[in-house]
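Novice: Just the structure for this:
(chains A, B and C)
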Amino acid sequence: MSAALSIRNLTKHFGPAEVIRGVNLDVEQGEIHAVIGPNGAGKSTFFNLVSGAFRASGGDILLHGERINDLAPQQIQQRGLSRSFQVSNVFDNLSVFENLRCACFKNSGAGYVFWRAATSMGGANRRAEEVLEMIGLQALRDVPAGALPYASQRALEIGMTIACDAGVVLLDEPTAGMSNTETGQAIELIRQVGADRTLMIVEHDMGVVFELADRISVLVYGEIVATGRPEAIRNDPRVKEAYLGEEAA
Amino acid sequence: MLETIVFSTLNGILYGLLLFMLSSGLTLIFSMMGVLNFAHASFYMLGAYFAYALGLHVGFWPALFLAPCLVAVIGAVVERYGLRRVHASGHVAELLFTFGLAYVIDELVHLFWGSIPVSYVPPDYMQNALFTLFGTDYSIYRGVTMMIAVFMFAALWFLLKKTRVGMMIRAALTHGDMVGHLGHNVPRLFMGVFGFGCALAGLAGVIGGPLLNTEPGMAQTLGPIVFVVVVVGGMGSLIGAFYASLLIGLLQTFFVAFDASIADLLGVIGISVDPYGEVTGITLASLAPMTPFILLVLILIFRPRGLMGELEP
Amino acid sequence: MSVFRPFAPWLISLAVLLLLPAVTGGSAVSVINVIAIHIVFALSYNMLLGQGGMLSFGHAAFFGLGSYAAIHAMNAIGDAAYAGEGFWAHFPVFLLPLVGFAGGALVALVVGWPFCRRAGTAFAMITLGLGELVATGTQMFPSVFGGETGVFSNRMVGPVWFGLELAQPADVYWFMAFWVFAAVLAMWAFTRTPLGRMSNAVRDNPDRTQFIGYPPRNVRFLVFIASGGMAGLAGGMAAVNYEIVTPESLSLVASGLALVMAAVGGLGIFYGPIVGAVVVTLMNSLLSDFTDASVLYVGIVFLAVVMFAPSGLAGGLEQIRQALHRAELARKWPGWLVGAAAVIAWILALVLTVELVYLIRHGDDKLAQALGIELDAASPLAWGTVVILLAVGYGLWRVTAKHREANA
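Specialist: Below is the predicted model:
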């Protein structure tokens, strides 16, 4: 079983509050795996743990079999896992293209170079152009990221996340706040992104989830209560109970 | 020797309490509003000068009360028409504003009162001895200012621990944004806190002026030390500011009093070096002005969050 | 012709540098030399603040230490040239700014790592502490820092480059012109590199950069070193210009000056600090002949920029440039012109008030004497003029405010 990402008994507490209480989860290579759950279940904390923003209190996080628990975010990124953010986290004063190019620097070997112009870094520029086209923002190429309309910012957000060629990508509520048309476009983009990558997505929009996901895990009060294919999850009584309360189950 | 220790302790504590008066106002403003008031020492200076100027007309004691009030009003006006405007542009813009304010206040004082120190002194009877220890007088004035400082400290403690406003302030010390969300009139609270913080600074000036000289450079001398106190104590921690103030106050005072050179100290542990060398001739007294900043560097290296500050997540 | 477009500012600047001595009188050269030093100093400061998002109150430490390094090197050159041998005998005074650069960069390298953990307010306070530490520490090592009087030297020593014996300020001008051009070019080029771009990214969103592979601390540290080096380079220029370095060059006042110049000029635009350096230096040097409150005026200008025009003077220039570019100037300039007239009215009111107050407090007023006006602080005419100017300014502003908004 070649799990790209393997979570074993992950726990996290903030002081006396146990937010993640023993999560077990496998994300298979190449699949699109959605994580859903009611508000406050700990989904953002979960992402923060996997991407290195928080340190786990216990358990193991294995990326391609390698334990990444105590690594810094940039080290995890180097090993091929990258994430997007629920609230757009872009570089407001840089143009769209520059945002993407910055995300490409590390992987294209630009490092901390200060003796060559950024425009001459061929690898980074090429990759940034590719991603720009993929997310469909060519027309807004020179617009400062802070001035973008919301949906375009979200698209840029995803673009920056995949710019570094990570094999495993975590998307944190990619369609949050989008209208129906925008969501449709976002779904297409995510599908494209997921074609040759492993994706783990946190989402609230069930339409998106059932449209895209190969498998779904349900996170409730810091634990996974169910994992399986979409139809199975849709009919699972525990899931219904978690979302709708005991009467509906 | 004992005499030096006793008097240095008394003076060090007084100086430390003065620093705490300044840094407590600064910490309150910082915790409530997120802005580090670079002009804080300038309000201290205004307090001293106002007390001097008012004192010429209404006498020493009335001036003691009026000056901090005047400084508070100025602080409130500054907040209402200046800081609030800049608040929307972020913390850097606020810092730039308070920096510019400090600059302008310093120059205005220069303009008004000239470059020479003014003779802001307490009335003659205050300069008599409160008590005499080992042949040296400890003036009544020092005793009175020590009392005022202690009283202010107690009043601040009472305000924070026992009143509703104090509860709000304590809440704001750790969770500034939430206080606004809870429905309190935040703009008015900000104006009040800023004014109050400036009043504390002004009071420190009223007391410190006679002790430390009232001259246009006093803000620039004391200002950086106050910021060091805040960083060393842990930004946002009132208790930390208290400990740091006393620490720096005592250290600086003792260094000045015990004028030992590095050669002397090495001699104590049996190493003999040239007492007139450039490095070995450095005395504790000459180190005294640097003490706060040396402490800052040490804290930065060994405990970056400060004495009582919180760990970053 | 469009191939030359990107080079136009550089070509124009080069032309200005070459033609300046011919256009201005001999007495202006000293001020121009100082302006050159300040341009480099202010631009180096903006590498930290405007481009990197790091507000520093201790920048003069690098300027001053670089300056001291250069002046000691100058003395070493003098001694070695006199003795006829040694490394320094062959080192031209012309290259001393590089010694300054090395000095500034070295200090930044040594102290920078713990500093760059945090940005924002904490960084500002820490740099304040560093600046004061260095400033107060100078008294302890008189052999290095020369005590209150400083260290002096002679620049007419050692190998001569480009025929510049550096005797007169006019000779020194070409030295300054070379270095200011080279330094500005270097700092501009830096902004185009990957590191320069990442510095902007760290300014905008430090949390995100670690997720794209760049811990913010690393980026800040490297920029800190580059900026410190450039400040040291300016210090080296100063050492050659003044032939003396005093502890004043390390002081909080000097650090504040960098901030004021950069902010007044405009933090967000590359050439902003250049504009700021020119304006502030001119105000400081020229105004002090005419009024005792020159320092106060600079402070008020700074405060006004921070409160009302955060993008600085360069921001205003950019607005004009944009309007020209989009052919909108025709409809915008009336509103701007009247707005400018309003501002001038307020400035006059302010100056009058300040000078009147000075007159009251000190008995005489430099500006009034310089202008040959009889100022009487007791007369209602004087104060009435203040009020009228304020009212006129306010009126002009309000009347055209709508016009400006409509044409924005």
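
Novice: Please verify my assumption that residue B:214 contacts residue B:52.
Specialist: Yes: using Cβ atoms under 8 Å, residue B:214 is in contact with residue B:52, at 5.9 Å. The C-beta positions use only the backbone N, C-alpha and C, and glycine is treated the same way.

Novice: Please, where are all the helices along chain B?
Specialist: B:2-33, B:40-58, B:60-78, B:84-87, B:91-113, B:140-162, B:164-174, B:176-181, B:186-212, B:218-233, B:238-257, B:262-268, B:284-287, B:291-302 (DSSP state H).

Novice: could the ones you listed be laid out in JSON lines, adding distance to residue C:279 and mean neighbour count?
Specialist: JSON lines is the format used below for the helices of chain B (distance: least, Cβ to Cβ, whole Å; neighbours: other Cβ atoms under 10 Å in any protein chain shown):
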{"stretch": "helix B:2-33", "distance to residue C:279": "32", "mean neighbour count": "22"}
{"stretch": "helix B:40-58", "distance to residue C:279": "25", "mean neighbour count": "24"}
{"stretch": "helix B:60-78", "distance to residue C:279": "26", "mean neighbour count": "19"}
{"stretch": "helix B:84-87", "distance to residue C:279": "21", "mean neighbour count": "18"}
{"stretch": "helix B:91-113", "distance to residue C:279": "15", "mean neighbour count": "22"}
{"stretch": "helix B:140-162", "distance to residue C:279": "44", "mean neighbour count": "15"}
{"stretch": "helix B:164-174", "distance to residue C:279": "40", "mean neighbour count": "16"}
{"stretch": "helix B:176-181", "distance to residue C:279": "37", "mean neighbour count": "13"}
{"stretch": "helix B:186-212", "distance to residue C:279": "31", "mean neighbour count": "24"}
{"stretch": "helix B:218-233", "distance to residue C:279": "24", "mean neighbour count": "25"}
{"stretch": "helix B:238-257", "distance to residue C:279": "39", "mean neighbour count": "22"}
{"stretch": "helix B:262-268", "distance to residue C:279": "47", "mean neighbour count": "15"}
{"stretch": "helix B:284-287", "distance to residue C:279": "40", "mean neighbour count": "18"}
{"stretch": "helix B:291-302", "distance to residue C:279": "32", "mean neighbour count": "19"}
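
Novice: Can I get the ones you listed in JSON lines including mean pLDDT?
Specialist: Shown next, in JSON lines, are the helices of chain B (pLDDT from 0 to 100):
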{"stretch": "helix B:2-33", "mean pLDDT": "86"}
{"stretch": "helix B:40-58", "mean pLDDT": "91"}
{"stretch": "helix B:60-78", "mean pLDDT": "91"}
{"stretch": "helix B:84-87", "mean pLDDT": "86"}
{"stretch": "helix B:91-113", "mean pLDDT": "90"}
{"stretch": "helix B:140-162", "mean pLDDT": "82"}
{"stretch": "helix B:164-174", "mean pLDDT": "71"}
{"stretch": "helix B:176-181", "mean pLDDT": "66"}
{"stretch": "helix B:186-212", "mean pLDDT": "87"}
{"stretch": "helix B:218-233", "mean pLDDT": "90"}
{"stretch": "helix B:238-257", "mean pLDDT": "89"}
{"stretch": "helix B:262-268", "mean pLDDT": "75"}
{"stretch": "helix B:284-287", "mean pLDDT": "82"}
{"stretch": "helix B:291-302", "mean pLDDT": "86"}
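
Novice: Near chain C, which residues of the stretch 201-313 of chain B are found?
Specialist: Residues of the stretch 201-313 of chain B lying close to chain C (Cβ under 8 Å from any Cβ of the partner chain) are B:220, B:224, B:227-228, B:230-231, B:235, B:278-279, B:282, B:286-287, B:289-290, B:292-294, B:296-297, B:300-301, B:304.

Novice: Could you count how many residues lie near residue C:21?
Specialist: One way to gauge burial is a neighbour count; for residue C:21, by other Cβ atoms under 10 Å in any protein chain shown, it gives 16.

Novice: I'd guess it is in a helix, am I close?
Specialist: Yes: under DSSP: H, G, I helix; E, B strand; the rest coil, residue C:21 falls within a helix.

Novice: returning to what we had before: and the helices of chain B as TSV, adding distance to residue C:384?
Specialist: Putting those into TSV (distance: least, Cβ to Cβ, whole Å) gives the following:
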stretch	distance to residue C:384
helix B:2-33	39
helix B:40-58	27
helix B:60-78	25
helix B:84-87	30
helix B:91-113	22
helix B:140-162	45
helix B:164-174	45
helix B:176-181	45
helix B:186-212	33
helix B:218-233	35
helix B:238-257	49
helix B:262-268	65
helix B:284-287	56
helix B:291-302	50
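
Novice: how close does residue A:77 get to residue A:171?
Specialist: 15 Å (Cβ to Cβ, to the nearest Å).

Novice: hmm, back to that, nearest to residue C:191, out of the helices of chain B?
Specialist: helix B:91-113 (19.0 Å; Cβ to Cβ).

Novice: relative to helix B:40-58, how tilted is that closest one?
Specialist: 30 degrees (axes from the mean of the first three to the mean of the last three Cα atoms, to 10 degrees).

Novice: Identify whichever of the helices of chain B lies nearest to residue C:32.
Specialist: Among the helices of chain B, helix B:91-113 sits nearest to residue C:32 (Cβ to Cβ), with 25.7 Å.

Novice: by contact count, what packs against the closest one?
Specialist: Other elements packing on helix B:91-113 under the criterion 3 or more Cβ pairs under 8 Å, 6 or more residues apart in numbering or on different chains; DSSP states H and E are helix B:40-58, helix B:84-87, helix B:218-233, helix C:120-137, helix C:252-265, helix C:294-308, helix C:329-362.

Novice: Okay, and the closest residue to chain A within the stretch 251-400 of chain C sits in which element?
Specialist: Nearest to chain A, among the residues of the stretch 251-400 of chain C, is residue C:268, at 7.8 Å (Cβ to the nearest Cβ). Using DSSP states H and E, residue C:268 is not contained in any helix or strand.

Novice: give me the number of residues near it?
Specialist: Going by other Cβ under 10 Å, the residues that sit close to residue C:268 add up to 15.

Novice: Would you check that residue A:80 makes contact with residue A:166?
Specialist: Yes: assessed by Cβ under 8 Å, residue A:80 is found in contact with residue A:166 at 5.0 Å.

Novice: For residue C:263, find the nearest of the helices of chain B.
Specialist: helix B:91-113 (6.0 Å).

Novice: now that closest one against helix C:120-137, angle please.
Specialist: Using the same axes, to 10 degrees: helix B:91-113 against helix C:120-137 is 40 degrees.

Novice: What separation is there between the closest residue to residue C:395 other than its chain neighbours and residue C:331?
Specialist: Excluding the flanking residues, the one nearest residue C:395 by Cβ to Cβ, 6 or more residues apart in numbering or on different chains is residue C:342, at 8.0 Å. As judged by Cβ to Cβ, residue C:342 and residue C:331 stand 19 Å apart.

Novice: For residue C:31, report the pLDDT, please.
Specialist: If you check residue C:31, the pLDDT there is 90.

Novice: hmm, who's touching the worst-scoring helix or strand of chain C on mean pLDDT?
Specialist: The helix or strand of chain C with the poorest confidence is helix C:366-371; it has a mean of 72 (mean pLDDT, DSSP states H and E). Identification of contacts with helix C:366-371 by Cβ atoms under 8 Å, 6 or more residues apart in numbering or on different chains yields C:289-292, C:351, C:355, C:359, C:374-375.
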